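Trainee: Below are the sequence and a predicted model; questions follow.
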Amino acid sequence: MLQTVGLLALLSVLLFALVNLAPGGPLAGQGQSRHIDPDKAELLKRQFGLDKPLPTQYLVWLVGNDWMQVDKDGDGTLDSYGTRHGILRGDFGFSFRTRQPVLTEIGQRLPNTIYLMTITMGVAVLIALPIGIISAIRQYSTFDITVTTFSFAGQAIPEFWLGLILILIFYAWLKNPFTGEPLLPPGGMTSTNSVGFDLGDRILHLILPVTTGALGWVAWYSRFLRSSMLEVIHQDYIRTARAKGLSNIKVMYKHALRNALIPLVTLLALDLPYIFGGAIFVEILFSWPGMGRLYYQAALDRDYPILLAVLIIGAGFIILSNLLADIVYAYLDPRIRFE
Amino acid sequence: MNRPESNHPLVGELQASAITFQSASMGAGVWKRFRRHPGAIFGFIVIFILAVLTLLAPLSPYDPEASNLPERNNAPSLSHPMGTDALGRDLFTRVLFGGRISLTVGALVVVISLLIGVPIGALAGYYGGVLDGILMRFTDSFLSLPSFLVLILLSAILREVDAPLFERNNVLTISMVIGVFGWTTFARLVRATFLTLRETDFVSASRALGGSDLRIIASHILPNAIGPIIVEATLEFGYAIIEESGLSFLGFGIQPPTPSWGNLLSNAQEHFTKYPWLAIFPGLMIFLSIISINYIGDGLRDAFDPYKVLEKVGEV
């Protein structure tokens, strides 16, 4: 626990330093600072507290400045208490671009990303499970060899290319035989003219992004399950189960699969942060208003408050999911005990 | 990973024979097993052809960067096997020059990650204790970052930089950025080898003979990690190519007019439904090289792990 806190603290220092030591400084994205007149830049700097030494600035970023006097109008004298609460109290500041609180921006995008990513990961797991099991049980069969080849391909296809090709095939080339319209929509979460909640329309808009996002995961999870299944199959207790005359199906599903799933569940826990960060390429290709696109836009604009918030929260999620994976593993596998 | 212990009499014999040909020549045994892997041979041939073609790219009759407006957006034909782009440039030539960039970035990233990761892993594993604690926490902190997002941030910042050697996200800048996040696997791998070997008899023997720490680290322990390092380096080469094309696709990587597979795809995005060849070919090159590299990695993993390959061909 202490280690986790220490790790986050170290990361916050690293990221803060990165942004503040970057050429152009933290105001680089603020209204084309390259053309701003120097007096005004000085004023802005005083208003944002950027004239203070870096350690002070880091402290303000962390715990806020509502307990100290700041120079609010930028005239060079301290005149009132600050209004920032600091990231430790959940204040990630304001987006440079939209002037909205960063958490509001994230709050608008996060549900869309969670919606897309849970479906993507869910579909991936549902497809990967049978594939992984069958290829392990029938190792080196035609099925196994075909699937292995496909999963090598699936892991090697870049998402951004797969998405383009799918749009090409299902939007540009294939037409709906009845209406003559493109078979699938090229992007967005719903049709612009749809009213209320239209399940069919939602599903149509999910097919391409979910396929693009899920293919790599299917390949990866099915490979992983296959190898953990193979490892389990060679254990002594499987031989014992066979020796006492259990049917092959019972041995595989009751004895082997349950144990082979433990590493996969752990792996799923480790991949949870993707549900927060989203799939940046999928969101960009299919105009999906989620976290990935928020981050991409922020990077184009050098919108540091957003970038830092996403990175810090993302790192928090990664650390938490590592912890979760350890706990899940220990819970599912009674051979593992933490001291 | 735990390998099941087998009491079958053949296993001991096979392991013994594996050891004999390892001691005859490690390289020969590895090569012998590598050849048995059809995917690896396929990958090796593809990468070899690709490397030769990109080296020969300047022989192309077309200029990769000069526009030729009368010939813009031509479909693939005999004179332009991959068609031409919106400025009339031959796509095949640009793909080959882009391949130079991608392969160079891949190689540089591997070198940079090795230069950072191997010393960190060796020091942590060999000396242990406080140094190990510090170095591994440092490694952990890199592993807890959403690395592709940080790559985006770094390259977005560096895109504005015009310093000598690093101007506007050239190959060196992008390789450094990716390499800075690519070394952690090497550090962990090398550390694990050092942890298991530092108490062995041959290390004590070398120490007793007055071998310095540097000598023990570099010429006694490190060579034992060479197999996994090579496998990991191969895979890292592939990741680096994907990451570079991803960054370039987003516009944060290699900057046009210099072609890279990623920014070729990015340029294609606007009109790719009308001119599909612009999107198909650059992506196909990324796909082909990644799948080949992964196959090579898989073949090497088997080659350095004799037990596994024997199991595969049904001899155990």
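Mentor: Okay, I see it. Numbering: from 1, shown residues only, chains lettered A, B, ... in the order given.
Trainee: Might you enumerate the residues of the stretch 151-300 of chain A proximal to chain B?
Mentor: Listed as neighbours of chain B in the stretch 151-300 of chain A under the rule CB under 8 Å from any CB of the partner chain: A:152-153, A:155-158, A:160-161, A:164-165, A:167-168, A:171-172, A:231, A:234-236, A:273, A:277, A:280-281, A:284, A:295-296, A:299-300. To be clear about C-beta, it is placed using only N, CA and C from the backbone, and glycine gets the same treatment.
Trainee: from those, which would you call buried?
Mentor: For those, a burial check counting by 16 or more other CB atoms under 10 Å in any protein chain shown picks out A:152, A:155-158, A:160-161, A:164-165, A:167-168, A:171, A:231, A:273, A:277, A:280-281, A:284, A:295-296, A:299.
Trainee: could you pull out the helices for chain B?
Mentor: In chain B, the segments counted as helices under DSSP state H are B:9-24, B:26-35, B:38-55, B:91-127, B:129-143, B:147-158, B:171-180, B:184-197, B:201-208, B:213-215, B:226-250, B:261-268, B:277-303, B:306-312.
Trainee: between those, which one is nearest to chain A?
Mentor: For chain A, the closest of the helices of chain B is helix B:277-303, at 3.1 Å, according to CB to the nearest CB.
Trainee: Just the mean pLDDT for stretch A:91-100, thanks.
Mentor: Stretch A:91-100 shows a mean pLDDT of 84.
Trainee: got it, and stretch A:200-211?
Mentor: 92.
Trainee: Go ahead and produce PDB holding the CA coordinates of it.
Mentor: The C-alpha trace of stretch A:200-211 is given here as PDB (Å, rounded to 0.1, in the frame of the first residue of the first chain):
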ATOM      1  CA  GLY A 200     -30.900  -1.700 -33.700                       C
ATOM      2  CA  ASP A 201     -29.200   1.600 -34.700                       C
ATOM      3  CA  ARG A 202     -26.900   1.400 -31.700                       C
ATOM      4  CA  ILE A 203     -25.900  -2.200 -32.600                       C
ATOM      5  CA  LEU A 204     -25.200  -1.200 -36.300                       C
ATOM      6  CA  HIS A 205     -22.900   1.500 -35.000                       C
ATOM      7  CA  LEU A 206     -21.100  -0.900 -32.700                       C
ATOM      8  CA  ILE A 207     -20.300  -3.600 -35.200                       C
ATOM      9  CA  LEU A 208     -17.300  -2.000 -36.900                       C
ATOM     10  CA  PRO A 209     -15.600  -0.400 -33.900                       C
ATOM     11  CA  VAL A 210     -16.100  -3.500 -31.800                       C
ATOM     12  CA  THR A 211     -14.700  -5.700 -34.500                       C
END
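Trainee: Give me the buried positions along it.
Mentor: With burial defined by 16+ other CB under 10 Å, the residues of stretch A:200-211 counted as buried are A:Asp201, A:His205, A:Leu206, A:Leu208, A:Pro209, A:Val210, A:Thr211.
Trainee: circling back to that earlier point, out of the residues of the stretch 151-300 of chain A next to chain B, which are inside helices?
Mentor: Within these, residues falling in helices by DSSP H are A:152-153, A:155-156, A:160-161, A:164-165, A:167, A:231, A:236, A:273, A:277, A:280-281, A:284, A:295-296, A:299-300.
Trainee: What pLDDT does the model give residue 296?
Mentor: All of this is about chain A. The model's pLDDT for A:Tyr296 equals 94.
Trainee: let's do chain B instead
Mentor: Listed pLDDT for B:Ile296 reads 93.
Trainee: Spell out which parts of the stretch 101-250 of chain B neighbour chain A.
Mentor: B:137, B:140-141, B:143-146, B:148-150, B:152-154, B:156-157, B:160-161, B:238, B:242, B:245-246, B:249-250.
Trainee: can you rerun that using 6 Å?
Mentor: B:Ser141, B:Ser144, B:Leu145, B:Pro146, B:Ile152, B:Leu153, B:Ala156, B:Ile157, B:Glu160, B:Val161, B:Ile242, B:Phe249 (CB under 6 Å from any CB of the partner chain).
Trainee: Can you tell me which of those has the most neighbours?
Mentor: B:Phe249 (30 neighbours; other CB atoms under 10 Å in any protein chain shown).
Trainee: residues in contact with it?
Mentor: A:Phe160, B:Gly262, B:Leu265, B:Ser266 (CB atoms under 6 Å, 6 or more residues apart in numbering or on different chains).
Trainee: Sounds good, over and out.
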